[in-house]
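Asks: Sequence and computational prediction follow.
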Amino acid sequence: MASTLESYQIDLIEKAMSVNALKFGSFTLKSGRISPYFFNAGLLSTGPILAALSGAYAATIAGALTSSSNPLPKFDVLFGPAYKGIPFAASTALVLYTQHDISVGFAYDRKEAKDHGEGGVMVGVPVAGKRVVILDDVMTSGKAVRGAIETVQKAGGQVVGVVQALDREEVGQDGVSSTVHDVEELVGAGHVKAILRMQDLLLWLENNGMKEELAAMRDYREKYGLQ
């Protein structure tokens, strides 16, 4: 576990909690597991929170590009899957340029193909022949991100990485598999990054004296966490 949190991680946790996008308690997941926390990126929908999220995405990407361990490959386009991913990709591309001097385009898809105008399902910078990084909120089964990878590939792009807002760091229903590892088989080993991991939430709870929530999180990680 990391010994300290970055300021952008703390800012995102606190702002997400302020609008109940991140909650601690007892929540039944689609998998049937009873989780002591829940993350809903759809509630990250105000200016201050979007600024915190895009700043955190951008800082994570900038750091990953220069990391000495499994660096994120250089890329050309950020892809935000419809619908939640659209503002995430647009705002992150802006922050990458204004704060990190990294210039990339952004693109997104439509849920239904347009049959007039420019047509098709893709909007934004063309991805054909380009290296693409997908922004995701949180992976569960990985179905959504696999669909995004397929969409980009059908448009001629090469997906070289995925950046999540939150990595739950837990095993699948079989008790062994990991969605992150499965997706890395498609985009490259070590190329799935995250702003926050479950271990970061544990550290934040510890630093803020939330003992009951911390105990519940540790119990959950003991049952379902990646070893």
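Replies: Received the coordinates, thanks.

Asks: Report the contact partners of Met122.
Replies: Residues near Met122 by Cβ atoms under 8 Å, 6 or more residues apart in numbering: Ala107, Tyr108, Asp109, Arg110, Thr151, Ala155. Using the backbone N, CA and C atoms, a C-beta is placed for each residue, glycine as well.

Asks: do Tyr8 as well
Replies: Ala52, Gly55, Ala56, Ala59, Ile195.

Asks: Which of the helices or strands spans the last one?
Replies: It refers to Ile195. strand 192-197 (DSSP states H and E).

Asks: in terms of contact count, name the helices or strands touching that strand.
Replies: Contact here means 3 or more Cβ pairs under 8 Å, 6 or more residues apart in numbering; DSSP states H and E; on that basis strand 192-197 packs against helix 7-18, helix 47-65, strand 158-167, helix 179-187.

Asks: tell me the most buried of the ones you listed?
Replies: Mean neighbours per residue, mean count of other Cβ atoms under 10 Å, is largest over those for strand 158-167, with a mean of 23.

Asks: quick one, that strand and strand 192-197 angle?
Replies: Here strand 158-167 runs at an angle of 10 degrees relative to strand 192-197 (axes from the mean of the first three to the mean of the last three Cα atoms, to 10 degrees).

Asks: The closest residue to Ala16 other than its chain neighbours: what's it in contact with?
Replies: Nearest non-adjacent residue to Ala16, counting by Cβ to Cβ, 6 or more residues apart in numbering: Leu22, 3.9 Å away. Contact analysis of Leu22 by Cβ under 8 Å, 6+ apart lists Ile13, Ala16, Tyr37, Phe38, Phe39.

Asks: Could you find which two of those residues are furthest from each other?
Replies: Ile13 and Phe38 (13.5 Å; Cβ to Cβ).

Asks: pLDDT below threshold where in this structure?
Replies: Scanning the chain with the threshold set as pLDDT under 70 gives 1-2, 113-119.

Asks: Give me the residue at the spatial middle of it.
Replies: By Cα atoms, centre = their mean, the mean C-alpha position of the chain lies nearest to Gln164, the distance being 1.4 Å.

Asks: Report the contact partners of that residue.
Replies: Asp136, Asp137, Val138, Met139, Val192, Lys193, Ala194, Ile195.
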